[in-house]
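Colleague: give the three-dimensional model of this entry:
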Amino acid sequence: MSRITTSTLRKMKQDGEKIACLTAYDASFAQILVEAGVEILLVGDSLGMILQGQDSTLPVKLEDMVYHTRMVRAASGDALVMADMPFMTYIKPIQALATAGRLMKEGGAHMVKLEGGAPMVETVAHLAEHGIPVCAHLGLLPQSVNKLGGYKVQGRSDEQAEAMLRDARAMEDAGADCLLLECVPSALAATISAALAIPVIGIGAGPHCDAQVLVLYDMLGITPGKRPKFSKDFLLQGGDIRGAVRAYVQAVKDGSFPADEHTF
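Modeller: As a prediction, the model looks like this:
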């Protein structure tokens, strides 16, 4: 497999080839994911809950993200490494540029991800103008969980759906290289995916997105507490960790995941 780049991802979308993405937080798991054919390794701020035992992503520090991104990059092979920009580290475009710079220079990330709609368009444009690949994140925004009043599906009403579609187009126009939709009705995600030239990554957003992502620990069935509706325990199917990741990649590629029971 040759190096996965933003151009690779766009071509995969154009060709109708599904893209597999999983979170990764260390070199050992990163190597397993790459060997199984995962194209995008997302160093998610979900590590706050998964690794640190926090009750949200909000306490995660930039130093945490740089550290874990560096570990993942060390074993990333030809995969694209995407890193989350932590809460309150990209309030203004100039601050976002500094944050992205650290994630790329010190952590080795190939792309950064930030949450938010219309208020973040200027920031995305600023990053793009400075050569920073960006993934915009719409729908359920974990960093805004307190404002949203919990982890709830977004975009159910016509008004919310229209606003999300506008935001998605604005992000693409601003220079975003891909878009992540979290906990969005399947029909809305399908509309947005068809409307954009950039790849759309779904998590709880139905089967019509160009790519799928899950939290690694969720799809291995080892996350404490209740597994999210949109996830699936692939360890039961795969038998061991390597088999589980291979099963996930295959299910994404052939379109059998997510199924109806994993969508809204």
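Colleague: now do the host helix or strand of Val81, average pLDDT.
Modeller: Element membership for Val81, per DSSP states H and E: strand 80-84. Strand 80-84 comes out with an average pLDDT of 98.
Colleague: for it, buried residues please.
Modeller: Leu80, Val81, Met82, Ala83, Asp84 (16 or more other Cβ atoms under 10 Å). (Glycine included, C-beta is placed from N, CA and C.)
Colleague: go on, stretch 227-244?
Modeller: Quick answer for stretch 227-244 (16+ other Cβ under 10 Å): Arg227, Pro228, Phe230, Ser231, Lys232, Phe234, Leu235, Gly238, Ile241, Ala244.
Colleague: now Leu236, nearest residue through space, not along the chain?
Modeller: Computed as Cβ to Cβ, 6 or more residues apart in numbering, the closest residue to Leu236 that is not its neighbour in sequence is Gly221, at 6.8 Å.
Colleague: spit out the contact partners of the one you found.
Modeller: Arg227, Asp233, Phe234, Leu235, Leu236 (Cβ atoms under 8 Å, 6 or more residues apart in numbering).
Colleague: need the pLDDT of the last one.
Modeller: Just to be clear, that refers to Leu236. 92.
Colleague: do the same with the first one
Modeller: The predicted local confidence for Arg227 comes out at a pLDDT of 84.
Colleague: for it, give me its contacts.
Modeller: Asp218, Gly221, Asp233 are the contacts of Arg227 under Cβ under 8 Å, 6+ apart.
Colleague: helices along the stretch 51-200 of the chain, start to end?
Modeller: Per DSSP state H, counting those that start in this stretch, the stretch 51-200 of the chain carries helices over the ranges 62-74, 93-105, 121-129, 145-148, 158-174, 186-195.
Colleague: any idea which of those helices scores lowest on pLDDT?
Modeller: helix 145-148 (a mean of 86).
Colleague: counting contacts, what elements does it pack onto?
Modeller: Counting contacts by 3 or more Cβ pairs under 8 Å, 6 or more residues apart in numbering; DSSP states H and E, helix 145-148 packs against no other helix or strand.
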